[in-house]
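S.K.: give me the fold of what follows.
(one chain, ligands or ions: 1)
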Amino acid sequence: MSTARALPIADSDAFAHPPLVRPARRLDRLRSSAVRDLLAHARRPDMISFAGGLPSADGFDGDGVRAAFEEVLADHRHALQYGESEGEPELRAALAEWMSGNGAPADAEHLLVTTGSQQALDLVARLMLDDGDAVAFARPTYLAALSVFRLAQADLLGLACDEQGPLPESLDRAARAHGRLRLLYLVPDFANPTGETIGLDRRRALLEVAARHGIVVVEDNPYGALRFAGESVRSMAALAETVSASGASPCVISVSSLSKVMAPGLRIGWLVLPESLFAAAVRIKQALDLHTSTLIQLAAARYLASGRLQARLPALRTLYGERHQALERALGRHFGEALSLNRPQGGMFVWARLRDDAIVESSAWLQRGLAHGAIFVPGEAFYDATPDTATLRLSFATNPPERIDIGVARLLAAWREARAAG
Ligand code: PMP
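M.R.: Next up is the predicted model:
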């Protein structure tokens, strides 16, 4: 018979009633992402989701990606091994070439592969921000970038914007008032959530103010290759070389991703840094996850080398252009004047605002939308403070036109109910 004695530790009051465990105070400001929270609902088969920035699964190149993985696994000794923190050399070279082809010349030596561009944003915050430093951005902005900057304990300075983008004088005022404004975070092409593109002159003016105050510009550009209308605008990274203020050139860190053009499940993102920051960025990457998956990097490199991505882009742009038109038409038909819409020239998002006499509480609208089988993201998720609660973000990327129309009809029914309930 076992004669095991109870360990004395189990009798101790301290262990019988352990103190409440709480996460670090750093997390106090970090909210759960409204978009991530909606993802589980979006997966319901009956749901028509305008919520997530999910690329169309119809645009995924299953055959091409499978072939790339098969080729890479033929030499599995390399593909299944640990790799360099900077990224696989062939992928770094392929991504630098991809960027140059998209108007943002980049040097593979200064390109660091990350696990999605979300990790690149986190890495930039760790690289550049001390506690109490500030970050400026257009209001509203990408909500998971706000999460990164909150986690970094940064002060958040939302800038006033007009239809050309953030106002340079707003950036200048913020820099003077704060004194420690280190980063300007921008999504200049087809922004998330507004779909808007910053004009050329505005890009130059912002770069000048940034150079004057020594603010580093983070150009986050996951959507730039998805233009379906209008003319492309030079990247801030390319423009930086032509701008100088009081003898100083602006510093731009470029961030991008294969998520929106190839497949988000691969989790391949990257950043391009000035030489002086590169070694420190690699040290952070080592601490975060050693390196991004060797297998996936090699498959992505092989896929890029096959030319299939470039060849498929025109069709993808057409697909998104058609879906954008379908959403714009459906919203116009069902909501009429009650909703005003922006008009993106690319990307995935329409930003809408309820006319003042048509406003309903957007979270109440969303709740009823869940019951009717159609969801969106209330605009307030994209504000650091004082949100405009009459706004919403709708993604046109995920659903084909027939579903878009049915989904908008459901949103109308949900909106009517929310209005009737007052
Ligand atoms: N930046 C922006 C503006 C985004 O919209 C997203 C994805 N929604 C990301 C970065 C992160 O994308 P990923 O990590 O998939 O590259």
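
S.K.: quick one: contacts for the residue lying closest to Gly103 once chain neighbours are set aside?
M.R.: Spatial nearest neighbour of Gly103, chain neighbours left out: Ser235 (5.3 Å); criterion: CB to CB, 6 or more residues apart in numbering. To be clear about C-beta, it is placed using only N, CA and C from the backbone, and glycine gets the same treatment. By CB atoms under 8 Å, 6 or more residues apart in numbering, the residues touching Ser235 are Asn102, Gly103, Ala104, Pro188, Glu219, Asn221, Gly224, Ser254.

S.K.: and the gap between Ser235 and Ala299?
M.R.: Ser235 sits at a distance of 27 Å from Ala299 (criterion: CB to CB, to the nearest Å).

S.K.: next one: Leu20
M.R.: Taken as CB to CB, the span from Leu20 to Ala299 is 45 Å.

S.K.: these two: who's more crowded?
M.R.: Applying other CB atoms under 10 Å to Leu20 and Ala299 shows that Ala299 carries more neighbours, namely 24 against 5.

S.K.: report the contact partners of whatever residue of the stretch 51-200 of the chain ends up closest to the ligand.
M.R.: Across the stretch 51-200 of the chain, no residue is closer to the ligand than Gly116, which sits at 2.8 Å (CB to the nearest ligand atom). By CB under 8 Å, 6+ apart, the contact list for Gly116 reads Ser257, Ser259, Pro264, Arg267, Ile268, Gly269.

S.K.: one more time with 10 Å
M.R.: 122, 222, 257-259, 264-270, 292 (CB atoms under 10 Å, 6 or more residues apart in numbering).

S.K.: got it, and Ala330?
M.R.: So Ala330 contacts Leu394, Phe396, Pro401, Ile404, Asp405, Ile406, Gly407, Val408, Ala409, Leu411, Leu412 (CB under 10 Å, 6+ apart).

S.K.: now, of those residues, which are buried?
M.R.: Buried subset of the contacts of Ala330 (neighbour count, 16 or more other CB atoms under 10 Å): Leu394, Phe396, Ile404, Asp405, Gly407, Val408, Ala409, Leu411, Leu412.

S.K.: quickly find the element holding the third one.
M.R.: Of the helices and strands defined by DSSP states H and E, Ile404 is found in helix 401-420.

S.K.: for that helix, name the packing helices and strands.
M.R.: Applying 3 or more CB pairs under 10 Å, 6 or more residues apart in numbering; DSSP states H and E, one finds that helix 401-420 contacts strand 48-49, helix 308-335, strand 339-341, helix 362-372, strand 374-375, strand 391-395.

S.K.: what is the burial count for the closest residue in space to Glu328 that isn't next to it in sequence?
M.R.: Closest residue to Glu328 apart from its sequence neighbours, by CB to CB, 6+ apart: Leu341 at 6.3 Å. Using other CB under 10 Å, Leu341 is surrounded by 16 other residues.

S.K.: wait, Leu341 sits on Ala352?
M.R.: Yes: with contact defined as CB atoms under 10 Å, Leu341 reaches Ala352; the gap is 5.1 Å.

S.K.: overlap of the contact sets of these two?
M.R.: Leu327, Glu328, Leu331, Phe335, Leu394.

S.K.: surely the first one touches Asn399?
M.R.: Yes: under the criterion of CB under 10 Å, Leu327 makes contact with Asn399 at 8.7 Å.

S.K.: overlap in contacts of the two?
M.R.: Common contacts of Leu327 and Asn399, defined by CB under 10 Å, 6+ apart, comprise Phe50, Asp405, Gly407.

S.K.: restrict these to those near the ligand?
M.R.: Near the ligand, judged by CB under 6 Å from any ligand atom, there are no entries from the shared contacts of Leu327 and Asn399.

S.K.: reformat those residues as JSON lines; add distance to Leu39 and pLDDT.
M.R.: Compiled in JSON lines, the shared contacts of Leu327 and Asn399 are given as follows (distance: CB to CB, whole Å; pLDDT from 0 to 100):
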{"residue": "Phe50", "distance to Leu39": "13", "pLDDT": "96"}
{"residue": "Asp405", "distance to Leu39": "23", "pLDDT": "96"}
{"residue": "Gly407", "distance to Leu39": "16", "pLDDT": "97"}
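
S.K.: so between Leu327 and Asn399, which is more surrounded?
M.R.: Leu327 (25 against 22).

S.K.: and the more buried one, how far from Met99?
M.R.: 29 Å.

S.K.: which ones are touching Leu277?
M.R.: Counting by CB under 10 Å, 6+ apart, Leu277 has contacts His110, Leu112, Val124, Leu127, Met128, Val216, Cys251, Ile253, Leu271.

S.K.: does the third one really touch Val148, like I thought?
M.R.: Yes: A contact is recorded between Val124 and Val148 when judged using CB under 10 Å, the distance being 8.2 Å.

S.K.: find residues that contact each of the two.
M.R.: Common neighbours of Val124 and Val148 (CB under 10 Å, 6+ apart) are Val135, Tyr185.

S.K.: who has more neighbours, these two?
M.R.: Val124 (28 against 23).

S.K.: which residues touch that one?
M.R.: Contacts of Val124 by CB under 10 Å, 6+ apart are 114, 135, 145, 148-149, 152, 183, 185, 216, 218, 220, 253, 255, 271, 273, 277, 281, 284.

S.K.: and the protein, which of its residues are near the ligand?
M.R.: Residues of the chain lying near the ligand (CB under 6 Å from any ligand atom): 53, 116-118, 142, 187, 192, 220, 222, 257, 259, 264, 269.
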